[in-house]
Structures are given as C-alpha cells and as structure tokens.
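1. I would like the atomic coordinates for the input below:
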Amino acid sequence: MWRLRKIDDRGYTLITVIAAMFIFGAASFLLSAVMARSIQAARAADAGAVAGYLAFQEEQLIMGLPFNNVVSQPPAPVDAVKYPGFTRAVDVSTQSGGYVKKITVTVTYPVPGSLSRNKKLTFYRAVDQPAN
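-> Okay, the predicted model is just below:
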C-alpha cells in the first residue's frame, strides 16, 4: 500500500508522482488550447478574405465588368504550411438569362485535436446582376 512518504523501488514518493501527472496534464491541456486558438485565428482571417472576395465579385457585376468565374479559390491569407487542411470552394448559381443569383464560398477546416473530422463554414452573397 502506498503512503505519502513511502518511496517506491525507483525512489519516487507518491506526491512526486501525483505532481508529475498534474504537470504533464496541464501542459497537454495548454498545448491543445494553443492549437485550437491558432485554428480559430486562421478561420477568422479566412472569413475576412472570403467576405472581401464576395464583395469584390458583386462590385464587378454591378459595374458591368465580366464575372471572374474561372477563380476556383478566393484569395485567402491562410498559410497552407502553417495551417494545413483549409480548403475553399466557390460555387456560382445562375438563372436563365445569364443572371448571377448567388455566389457561395465554402471553407472547410480541420477540427482541433482530430485527424479526420472537419467543419464547414458557408458564406454566400445574394446577387441579382447580369453576368457580362
């Protein structure tokens, strides 16, 4: 039976073992919190870039300029090396007569602490302008 001052065969007391477990647990928790925070910052930066992209495309249409439908990924400040797993997709829904109804951008990003789970954010801007 362990006692608080009893030393095991390696020379560690129970208090030392408990303190070490607490320190490693706290370090693990802080590391996961930092990882989640960095993904949250990248997600916010990406959302700002997507909002700017949608506003720019709407402005292009309102001014009568040709719609840039070739772009498959909006410009985003997310560093693919620092934040792997962030993907963006652009979808343009049109109506008969060549009117652009809606521009949708879907951002997929990894869930912190999981290797296989992802979350999706969808941004859209309703536009009723002709695509020149």
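2. so where's this structure uncertain?
-> 1-14, 32-39, 43, 45-47, 60-84, 96-98, 112, 128-132 (pLDDT under 70).
3. show me where it has its helices.
-> Remark: helices assigned in the chain by DSSP state H are 14-62.
4. against Phe56, how distant is Lys101?
-> Applying CB to CB, to the nearest Å, one obtains 18 Å for the distance of Lys101 from Phe56. C-beta coordinates here come from the backbone N, C-alpha and C atoms, glycine included.
5. show the contacting residues for Thr106.
-> By CB atoms under 8 Å, 6 or more residues apart in numbering, the residues touching Thr106 are 88-89, 91, 120-123.
6. narrow those residues to those in strands?
-> Taking DSSP state E as the definition of strands, these contribute 88-89, 91, 120-123.
7. about what we covered before: who wins on neighbours among the contacts of Thr106?
-> Of the contacts of Thr106, Arg88 is surrounded by the most neighbours, 21 neighbours in total, counting by other CB atoms under 10 Å.
8. would you agree Thr108 is in contact with Thr122?
-> No. In terms of CB atoms under 8 Å, Thr108 does not count as a neighbour of Thr122; the distance is 9.9 Å.
9. skipping adjacent residues, who's closest to Gln57 in space?
-> Ile103 (5.5 Å; CB to CB, 6 or more residues apart in numbering).
10. export the contacts of Thr106 as CSV, with columns for distance to Ala41.
-> Listed next are the contacts of Thr106 as CSV, based on distance: CB to CB, whole Å:
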residue, distance to Ala41
Arg88, 17
Ala89, 22
Asp91, 26
Lys120, 18
Leu121, 14
Thr122, 20
Phe123, 18
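11. ok, which pair from those is furthest apart?
-> Distances among the contacts of Thr106 were taken as CB to CB; the most separated pair is Asp91 and Leu121, at 13.8 Å.
12. thanks a lot, see you next time.
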